[in-house]
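Novice: After the sequence you'll find the predicted model.
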Amino acid sequence: MGNFGGFTAASRGLVTLSDGRRAFAKGATNDLTEEWLRAEHHLYTQIHGSFMPQLLGWDESSERPVLLLEDLSRARWPPPWRAGDESLVMAALEELHATPAPPGLSSAEKEFTNSWLDVAEDPLPFLSLRLVSGAWLDAHLAAFEAASRRAVLAGRSLVHLDIRSDNLCLNDGRAMIVDWNWAALGDPAVDAQFWLPSLVLEGGVPPVELEPEYAAWLVGFFAARAGLPMIPDAPGVRSIQLAQLKCVLPWACRLLGVERPDGNSGPRGRV
Ligand SMILES: Nc1ncnc2c1ncn2[C@@H]1O[C@H](COP(=O)(O)OP(=O)(O)OP(=O)(O)O)[C@@H](O)[C@H]1O
Ligand SMILES: [Mg+2]
């Protein structure tokens, strides 16, 4: 199978089904990607909507399962973002959030805890990135942690929890969303809020304002992760986390009225 990008070690490519239709095939390559793929397949059996590709099959005949989806390779996968794309994504999110959630889903607040507690416990991965000094972190961690706690994640809506351009395409005048293994119950605001840092990085125009408490939450999320060792099953993840952190950190400081990140002073001040 060819390589379609994406951030995990799942294999992906195009195949022709016995009835002649083309399908996008996403195959598990190890236990972890198999677990994610099974979760994703389960979701495709439970929900349907114009905001997601059709499920065309599930093949367990080989050593690892393969998920077969409507082929969207001719759709437009941003970036670049064109005028109006962002509103199409918002319309798709609205449709998604209004879709009845299937039973048995996890919840956004359970999947995504307040990561500032992790940063407080072990600040070195964040400080090793040299975006802020130990003194900066000492001075502002409490404000970020408190703001982050006010970000509402819990809710009753079906949410995707991984909205980013690599999981979105524009097809026939509507946005379609792929990569469903994180779908959960949550507050509908989380999908658009979590999307904003990557959208801005790619030159897109935010269709909604970033709220200070979600900004604080996002900085914590990326700060707790971007400096950790690479994940072998998802080798591209740390660099995209770092890019989003660099984007959202100064943004959040502005929104919270906190001193700008002081960069490059390293971890020495704190250890
Ligand atoms: N139905 C589809 N048709 C065409 N291309 C697709 C389709 N689904 C995904 N892709 C392409 O493959 C890439 C990876 O797919 P996907 O996001 O589902 O995998 P992933 O990021 O590796 O996911 P996971 O985190 O579940 O392992 C997408 O970024 C997109 O370029
Ligand atoms: Mg993906």
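Specialist: Done, it's in. Ligands and ions are numbered 1, 2, ... in the order given.
Novice: per-domain residue ranges of this protein.
Specialist: Domain assignment for the chain, taken from automatic domain parsing, gives 11-70, 85-269.
Novice: Setting the sequence-adjacent residues aside, check what's closest to residue 87.
Specialist: residue 207 (5.8 Å; Cβ to Cβ, 6 or more residues apart in numbering). In short, each C-beta sits where N, CA and C put it, glycine included.
Novice: quick one, what contacts that neighbour?
Specialist: By Cβ atoms under 8 Å, 6 or more residues apart in numbering, the contact set of residue 207 is 86-87, 89-90, 192.
Novice: In a markdown table: those residues, plus neighbour count and pLDDT.
Specialist: Shown next, in a markdown table, are the contacts of residue 207 (neighbours: other Cβ atoms under 10 Å; pLDDT from 0 to 100):
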| residue | neighbour count | pLDDT |
| --- | --- | --- |
| 86 | 21 | 98 |
| 87 | 12 | 98 |
| 89 | 27 | 98 |
| 90 | 16 | 98 |
| 192 | 23 | 98 |
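Novice: SS state for residue 238?
Specialist: Look at residue 238: counting by DSSP: H, G, I helix; E, B strand; the rest coil, its state is helix.
Novice: And the one 4 residues further on, by the same measure?
Specialist: Three-state secondary structure (criterion: three-state DSSP) places residue 242 in helix.
Novice: Contacts only, for the closest residue in space to it that isn't next to it in sequence.
Specialist: Ranked by Cβ to Cβ, 6+ apart and with sequence neighbours excluded, the top spatial neighbour of residue 242 is residue 226, at 4.2 Å. Residues in contact with residue 226 (Cβ under 8 Å, 6+ apart) are 125-126, 129, 238, 241-242, 244-245.
Novice: if we can go back for a sec, relative to ligand 1, which of the contacts of residue 207 is nearest.
Specialist: residue 89 (14.6 Å; Cβ to the nearest ligand atom).
Novice: Quick check: what element follows the host helix or strand of that closest one along the chain?
Specialist: Residue 89 belongs to helix 85-97 when assigned by DSSP states H and E. Helices and strands here follow DSSP H and E; after helix 85-97, the next one along the chain is helix 108-111.
Novice: rewinding a little: would the residue nearest to residue 87 count as being in a helix?
Specialist: No. Residue 207 is assigned coil when assessed by three-state DSSP, not a helix.
Novice: State the pLDDT value of it.
Specialist: In this model, residue 207 is scored at 98, pLDDT.
Novice: quick one: the residue in the chain that ligand 2 sits nearest to from residue 163, how far?
Specialist: With Cβ to the ion as the measure, residue 179 is the residue of the chain nearest to ligand 2, at 3.6 Å. Using Cβ to Cβ, to the nearest Å, residue 179 is found at 9 Å from residue 163.
Novice: So between those two, which is more surrounded?
Specialist: Per other Cβ atoms under 10 Å, whichever of residue 179 and residue 163 has more neighbours is residue 163, with 25 against 22.
Novice: contacting residues around that one?
Specialist: Taking Cβ under 8 Å, 6+ apart, we find residue 163 in contact with 89, 93, 177, 191-192, 194-195.
Novice: Distance of residue 241 relative to residue 259?
Specialist: Note on residue 241: its distance to residue 259, by Cβ to Cβ, is 23 Å.
Novice: what about those two, which has more around it?
Specialist: Neighbours per residue (other Cβ under 10 Å) separate residue 241 from residue 259, with residue 241 holding more: 21 against 11.
Novice: Show me what from the stretch 151-271 of the chain comes close to ligand 1.
Specialist: On the criterion Cβ under 6 Å from any ligand atom, ligand 1 has as its neighbours in the stretch 151-271 of the chain the residues 166-167, 178-179, 181.
Novice: Format these as JSON lines; extra columns: distance to residue 41.
Specialist: Shown next, in JSON lines, are those (distance: Cβ to Cβ, whole Å):
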{"residue": "166", "distance to residue 41": "19"}
{"residue": "167", "distance to residue 41": "16"}
{"residue": "178", "distance to residue 41": "13"}
{"residue": "179", "distance to residue 41": "12"}
{"residue": "181", "distance to residue 41": "9"}
